[in-house]
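Asks: quick one, what's the 3D model for this:
(3 chains)
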Amino acid sequence: MPEGPSIVILKEAVEALHIKGQNIDYAEGNSNKIDMERLIDKKIIDIRSWGKHFLICFEDFTLRIHFMLFGSYLINEKKKTTPRLTLEIKNHELNFYACSVKILEGPAGKIYDWETDIMAAQWNPEKALKKLKAAPKMFACDALLDQDIFAGSGNIIKNEVLFRIRLHPLSILGEIPEAKLKEMIAETRNYSFDFLEWKKEFTLKKHWLAHTKKICPRCNIPFAKEYLGKSKRRSYYCTNCQIFYDKPVVGKKVSLL
DNA sequence: TCTCATGTTTAGGT
DNA sequence: GACCTAAACATGAG
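Replies: This is a model prediction of the structure:
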């Protein structure tokens, strides 16, 4: 569920219910973070998404749902487990499970930087480039998971983008040529929209070239599978065709153990 | 049955 | 304070 494009699918599904302008009739759930009463009788002014956040917008506050690793939702359906949050609006019911639910004070437009959302119309590649340049010691694999740079990018997008642009996950941002950084930014946006399209067709997995794969489709040799970077997330990469931009580490501490 | 994973925050240690 | 690690959350796929 969680990566940015999946949240766009949820947003579109909820938009299709035409509940914008409607009031919340009823709210309940086992989320202990929010006051359900506060939602009741409030008018929904917008349905939005920012990165991996799903947002139901009200005049002066924003309901934020983050699905973490295992979160799920059902529209006009229920599952056996207790929802974190149920919203009833007119004849519709939204159920959210195993997710983080939070009320943010203020309108969504003011809370988020929309230029950072890889799925947003306002996405600003120049701004992303500035952020990459401002972090010369960061690994490429960590940059692609950094929600302040690529809001909505997750581990699948990370692996697929690095493979597409032939970049080794442990490449250091400061050593990567600017043209390659620009490629990384452009391809993150690109792949995210491919992701969206394929996810809608239920063919996302089928289109993976690197993520969870054993063999590099370009070189026909085994992929390396390692937990890399500060984030220590699964990385699948080809040591042959993904270029490693690095520099010798001076004064590296040597463990005597 | 058991392990692992599309994620993030927080608490605690060095 | 910087930096690191583990834990916590909770669920379905393989």
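
Asks: per-residue pLDDT, the nearest residue to residue A:170 once chain neighbours are set aside?
Replies: Distances taken as CB to CB, 6 or more residues apart in numbering place residue A:139 nearest to residue A:170, at 5.4 Å, with adjacent residues excluded. Where C-beta positions appear, they are placed from N, C-alpha and C, glycine not excepted. Looking at residue A:139, its pLDDT is 94.

Asks: tell me which residues touch the closest residue to DNA strand B within chain A, please.
Replies: At 2.3 Å from DNA strand B, residue A:154 is the closest residue in chain A, using CB to the nearest atom of the strand. Residues in contact with residue A:154 (CB atoms under 8 Å, 6 or more residues apart in numbering) are A:2, A:3, A:4, A:52, A:145.

Asks: rewinding a little: now the residue nearest to residue A:170: how far from residue A:245?
Replies: From residue A:139 across to residue A:245, the span is 10 Å (CB to CB, to the nearest Å).

Asks: which of the two has more neighbours?
Replies: Counting neighbours by other CB atoms under 10 Å for residue A:139 and for residue A:245 shows that residue A:139 has the greater number, 21 against 16.

Asks: okay but that one is in contact with residue A:167, surely?
Replies: No - using CB atoms under 8 Å, residue A:139 makes no contact with residue A:167, being 10.6 Å away.

Asks: quick one, grab the pLDDT at the residue nearest to the spatial centre of chain A.
Replies: Among the residues of chain A, the one closest to the centroid is residue A:152, at 2.5 Å (CA atoms, centre = their mean). Note on residue A:152: pLDDT of 95.

Asks: could you do the one 3 residues further on as well?
Replies: What the model reports for residue A:155 is a pLDDT of 95.

Asks: could you find the closest non-adjacent residue to the residue nearest to the centre of chain A?
Replies: Per CB to CB, 6+ apart, closest to residue A:152 is residue A:4, 2.3 Å.

Asks: quick one: that neighbour from residue A:158, how far?
Replies: Counting by CB to CB - residue A:4 and residue A:158 are separated by 12 Å.

Asks: which one of these two has more residues nearby?
Replies: residue A:158 (30 against 26).

Asks: list the residues that contact that one.
Replies: Contacts of residue A:158 (CB under 8 Å, 6+ apart): A:141, A:144, A:145, A:169, A:233, A:235.

Asks: so it belongs to a strand, correct?
Replies: No - assignment of residue A:158 by DSSP: H, G, I helix; E, B strand; the rest coil gives helix, placing it outside any strand.

Asks: contact partners of the helix ranked longest in chain A?
Replies: Of all the segments of type helix in chain A, defined by DSSP state H, the longest one is helix A:178-200. Helix A:178-200 has contacts (CB under 8 Å, 6+ apart) with A:3-6, A:8-9, A:118-119, A:123, A:125, A:128-129, A:132-133, A:140, A:143-144, A:150, A:152-153, A:156-157, A:160-161, A:164-165, A:167, A:173, A:176, A:204, A:206-207, A:245.

Asks: just the buried ones from those residues?
Replies: Neighbour-count burial (16 or more other CB atoms under 10 Å) is assigned, among the contacts of helix A:178-200, to A:3-6, A:8, A:118-119, A:123, A:128-129, A:132, A:140, A:143-144, A:150, A:152-153, A:156-157, A:160-161, A:164-165, A:167, A:173, A:176, A:204, A:245.

Asks: which SS state does the closest residue to DNA strand C within the stretch 101-250 of chain A fall under?
Replies: Going by CB to the nearest atom of the strand, DNA strand C is nearest to residue A:230 of the stretch 101-250 of chain A, at 5.6 Å. The local conformation at residue A:230, judged by three-state DSSP, is coil.

Asks: residues near it, how many?
Replies: 11.

Asks: need the helices for chain A, in chain order.
Replies: Using DSSP H, helices in chain A cover A:4-15, A:36-39, A:108-111, A:125-133, A:140-143, A:155-164, A:178-200.

Asks: so for the fourth one, mean pLDDT?
Replies: This means helix A:125-133. 96.

Asks: what is it packed up against?
Replies: helix A:178-200 (3 or more CB pairs under 8 Å, 6 or more residues apart in numbering; DSSP states H and E).
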